[in-house]
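Enquirer: sharing a sequence plus its predicted fold:
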Amino acid sequence: MNLHELKKHYGPVALVTGASSGIGEQFAEVLAEVGFDLVLVARRRDLLNTLSARLTEKFSTITTVVEADLTDAASIDQIMEHCEGLDIGLLVSNAGFGLKGLHQHNAPSQLLDMLMVNCQAPMQLTHRFIPGLRQRQRAGVILTSSVEALMGYPYSAAYAASKAFVSNLAEGLWGELSTEGVDVCAICPGSTDTPAHDLQGIDRSKIDEYMAPREVAELALTHIEDGPVYIVGEKNEHRARALAKMPRRESLPLVREAMQQVLLK
Ligand SMILES: NC(=O)c1ccc[n+]([C@@H]2O[C@H](COP(=O)([O-])OP(=O)(O)OC[C@H]3O[C@@H](n4cnc5c(N)ncnc54)[C@H](OP(=O)(O)O)[C@@H]3O)[C@@H](O)[C@H]2O)c1
């Protein structure tokens, strides 16, 4: 779908989680540019306020800023309260984070937080929004997954498993909703140039190629009808599909070596 058709199809309001940074910030920017009003969700209110002011100045966007910590189950109610009375036709559940390194070295509390943000939040947000989206009969759901969802990932075992949950959730929902006028798409970006990599201890100098978060957001939005799962970017698609087709006993050692190369010791 052409970016300029999005608002007619899914407007007037979109909700973006993880809008304070990276891919989510770019989802917000692109959607504002094509005329959406926005609900912006993340923990860092200062960044959301700065983004909100910028979008209002540039595009006259009406924004609702929701400071919410998605590791807290109660944050879903909090988000829903802020959305009362808004005609939201596009849900972008994008917030997420990864934990790299040996599984045994990641703190149990962080692993649980990761499941809350990466899995519980999209599961509950879709659960709460779907009745309204079905009623509109022209609506969309984007769930940010990852190329790591397509197979197990040594040194990223729990993160990859959490993203497999996201892609699987999208497939099921696509099956339920594709005849109801609700487009559902899990997007699978590969390496994208956001602060996430530094937070996970990845050596940027060892990554061959990054996609820009703006490009990821634009491609995701223009491919929203290509669900249930869309791998973002031709190179990522080629690489991910080739790996996924190999027997796991061959592909897993390749991924193990690649991960050992890029993780800071
Ligand atoms: N970068 C990549 O290479 C890559 C590749 C594949 C998939 N992804 C996925 O893309 C999505 C966006 O990541 P990104 O690369 O853009 O990273 P990022 O720049 O670090 O952004 C992550 C976003 O998630 C939000 N978030 C994290 N924990 C949260 C919490 N507890 N409560 C509420 N919001 C929370 C952050 O906001 P606050 O910190 O302000 O709360 C931030 O807005 C994630 O789902 C990630 O797994 C990224």
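Expert: Structure's in. What do you need? What you are looking at is a predicted structure, and each value in this text was computed from that prediction instead of being measured.

Enquirer: what is the host helix or strand of residue 110 packed up against?
Expert: Using DSSP states H and E, residue 110 sits in helix 108-115. Packing partners of helix 108-115 (3 or more Cβ pairs under 8 Å, 6 or more residues apart in numbering; DSSP states H and E): helix 157-177. Yep, even glycine has a C-beta here, placed from its N, CA and C like the rest.

Enquirer: what stretches of the stretch 151-265 of the chain score poorly on pLDDT?
Expert: Applying pLDDT under 70 to the stretch 151-265 of the chain flags the ranges 265.

Enquirer: near the ligand, which residues of it?
Expert: Counting by Cβ under 6 Å from any ligand atom, the residues of the stretch 151-265 of the chain close to the ligand are 189, 191-192, 194-196, 213.

Enquirer: including distance to residue 108, could the residues you listed go into JSON lines?
Expert: Putting these into JSON lines (distance: Cβ to Cβ, whole Å) gives the following:
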{"residue": "189", "distance to residue 108": "27"}
{"residue": "191", "distance to residue 108": "27"}
{"residue": "192", "distance to residue 108": "28"}
{"residue": "194", "distance to residue 108": "26"}
{"residue": "195", "distance to residue 108": "24"}
{"residue": "196", "distance to residue 108": "21"}
{"residue": "213", "distance to residue 108": "30"}
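
Enquirer: residues from the stretch 1-150 of the chain in reach of the ligand?
Expert: Within reach of the ligand by Cβ under 6 Å from any ligand atom, the stretch 1-150 of the chain has these residues: 18-24, 42-44, 47, 68-71, 94-98, 117, 144, 146.

Enquirer: now do the helices in the stretch 51-200 of the chain.
Expert: Applying DSSP state H, counting those that start in this stretch to the stretch 51-200 of the chain gives helices spanning 75-83, 108-115, 121-136, 157-177, 196-199.

Enquirer: can you put those helices in JSON lines and add mean neighbour count?
Expert: Formatted as JSON lines, the helices of the stretch 51-200 of the chain follow (neighbours: other Cβ atoms under 10 Å):
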{"stretch": "helix 75-83", "mean neighbour count": "16"}
{"stretch": "helix 108-115", "mean neighbour count": "14"}
{"stretch": "helix 121-136", "mean neighbour count": "18"}
{"stretch": "helix 157-177", "mean neighbour count": "20"}
{"stretch": "helix 196-199", "mean neighbour count": "15"}
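
Enquirer: can you list the ones you listed in TSV and add distance to residue 255?
Expert: Shown next, in TSV, are those (distance: least, Cβ to Cβ, whole Å):
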stretch	distance to residue 255
helix 75-83	33
helix 108-115	19
helix 121-136	24
helix 157-177	9
helix 196-199	17
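
Enquirer: between those helices, which one is nearest to residue 219?
Expert: Residue 219 lies closest to helix 157-177 among those, at 16.2 Å (Cβ to Cβ).

Enquirer: who is the most centrally placed residue in the chain paired with across the strands?
Expert: The centroid of the chain falls nearest to residue 144 when counting by Cα atoms, centre = their mean (2.2 Å). Beta-bridge pairing for residue 144 (DSSP bridges): residue 187.

Enquirer: that one touches residue 23, doesn't it?
Expert: Yes: with contact defined as Cβ atoms under 8 Å, residue 144 counts as touching residue 23 (6.5 Å).

Enquirer: circling back to that earlier point, put the buried members of the residues of the stretch 151-265 of the chain next to the ligand into a ChimeraX selection.
Expert: Here is the ChimeraX command that selects the buried residues among those (16 or more other Cβ atoms under 10 Å):
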select :189,191,192,194,196,213
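
Enquirer: which ones among the residues of the stretch 151-265 of the chain next to the ligand map onto strands?
Expert: Among these, no member is found in strands (DSSP state E).

Enquirer: just the closest residue of the stretch 51-200 of the chain to the ligand, please.
Expert: Closest residue of the stretch 51-200 of the chain to the ligand, Cβ to the nearest ligand atom: residue 96 (2.3 Å).

Enquirer: any idea how far that residue lies from residue 189?
Expert: Between residue 96 and residue 189 the distance is 11 Å, computed by Cβ to Cβ, to the nearest Å.

Enquirer: list the residues that contact the residue nearest to residue 195 when sequence neighbours are not counted.
Expert: Once flanking residues are discounted, residue 195 sits nearest to residue 21: 5.8 Å by Cβ to Cβ, 6 or more residues apart in numbering. Residue 21 sits next to 42, 44, 47, 194-195 when contact means Cβ atoms under 8 Å, 6 or more residues apart in numbering.
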